[in-house]
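[1] Whatever this is, show me its structure:
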Amino acid sequence: MACQAAIFPIVLDNNGIPLYHGRQRRLASRSQRRALKTMYQTCAIPGCTVNSRYCEPHHILYWRNQGNTDLDNLLPLCTRHHHNVHEGGWKLALTTNRTLTITYPDGTTQTTGPPGRRKAAA
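    Sure, this is the predicted structure:
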């Protein structure tokens, strides 16, 4: 029975909510969206001031190209920057520490460090 079983590893947050869904789910879950909002105050593109609550989770490795719906493959993008990636030819790369590299259609690149931590509410 174990040889024919499908085994899917699931990473849970402190409350037991799954944060890594692999290929089991296409859209980011509520918990993943919440985690992205905690990591990013705004759109992940440097200089963008759109609050992360209005951003869309973007798959760095596209879902259609076998990208997983996992936090290490998701980034919050505002609508304008999401369109720049999908229709404007921008390429994004994300490292394990969430350093983002953007390659623009003309070949220039921009790299930004990991997102700053939110300050705790007083």
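
[2] for this protein, longest helix please?
    helix 30-39 (DSSP state H).

[3] which strands and helices sit next to that helix?
    In this structure, helix 30-39 packs against strand 56-59, strand 74-77, with contacts taken as 3 or more CB pairs under 8 Å, 6 or more residues apart in numbering; DSSP states H and E. For the C-beta atoms, the positions are set from N, CA and C on the backbone; glycine is no exception.

[4] Just put those strands in CSV and tack on distance to Gln32, mean neighbour count and mean pLDDT.
    CSV is the format used below for the helices and strands packed on helix 30-39 (distance: least, CB to CB, whole Å; neighbours: other CB atoms under 10 Å; pLDDT from 0 to 100):
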stretch, distance to Gln32, mean neighbour count, mean pLDDT
strand 56-59, 7, 20, 94
strand 74-77, 6, 26, 94
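
[5] who wins for proximity to Leu100 among these?
    Nearest to Leu100, of all those, is strand 74-77, at 7.0 Å by CB to CB.

[6] Give me the next element, helix or strand, following the closest one.
    Going down the chain from strand 74-77, the next helix or strand is helix 79-86, by DSSP states H and E.

[7] Could you tell me how far the helix or strand just after that following helix lies from the centre of the chain?
    As assigned by DSSP H and E, the chain's next helix or strand after helix 79-86 is strand 91-94. With CA atoms, centre = their mean, to the nearest Å as the basis, strand 91-94 stands 10 Å off its chain's centre.
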